[in-house]
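Engineer: quick one: sequence plus predicted model below, questions after.
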Amino acid sequence: MNQLKIILLVSVGMLATACTESKYSKMSDAELNQKKRHCDSIPKKSPVFATGCENIAKEIERRRKEKRK
């Protein structure tokens, strides 16, 4: 019974955070492009930094698709 409560609580928490706006969605296009250029200029990235760069690239691509509609 306790495991079920924990699973339910974690699931609700994950759903709540999935629906929030990301910090990248609040940035302007110019600011995102500047961060993307910075990411591209660093050849060896730490795993955490690389994840941030991937998120920036995803946000840029999401905005491109949104503009095409």
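Structural biologist: Everything's here; your move. Residues are numbered from 1 along each chain as shown.

Engineer: which element is residue 8 on?
Structural biologist: helix 2-18 (DSSP states H and E).

Engineer: average pLDDT for that helix?
Structural biologist: Helix 2-18 carries an average pLDDT of 68.

Engineer: how about the helix or strand just after it: buried residues?
Structural biologist: Helices and strands here follow DSSP H and E; after helix 2-18, the next one along the chain is helix 29-40. By 16 or more other C-beta atoms under 10 Å, the buried positions in helix 29-40 come out as 32, 35, 39. No exception for glycine: its C-beta is placed from N, CA and C like everyone else's.

Engineer: now do the first one against residue 49, distance only.
Structural biologist: According to C-beta to C-beta, to the nearest Å, residue 32 and residue 49 sit 16 Å apart.

Engineer: just residue 57 next, same as before
Structural biologist: Distance check for residue 57 against residue 49: by C-beta to C-beta, it reads 13 Å.

Engineer: any common contacting residues for those two?
Structural biologist: Jointly contacting residue 57 and residue 49 under the rule C-beta atoms under 8 Å, 6 or more residues apart in numbering are residue 39.

Engineer: who has more neighbours out of the two?
Structural biologist: Taking other C-beta atoms under 10 Å, residue 57 and residue 49 do not tie; residue 57 has more neighbours (16 against 13).

Engineer: so what's the more buried one up against?
Structural biologist: 36, 39.

Engineer: what secondary structure does it sit in?
Structural biologist: Following DSSP: H, G, I helix; E, B strand; the rest coil, residue 57 is assigned to helix.

Engineer: okay, buried residues for stretch 48-68 please.
Structural biologist: For stretch 48-68, burial by neighbour count (16+ other C-beta under 10 Å) applies to 52, 53, 56, 57, 59.

Engineer: correct me, but the second one touches residue 43?
Structural biologist: So that's residue 53. No: if you go by C-beta atoms under 8 Å, residue 53 and residue 43 don't touch, sitting 12.0 Å apart.
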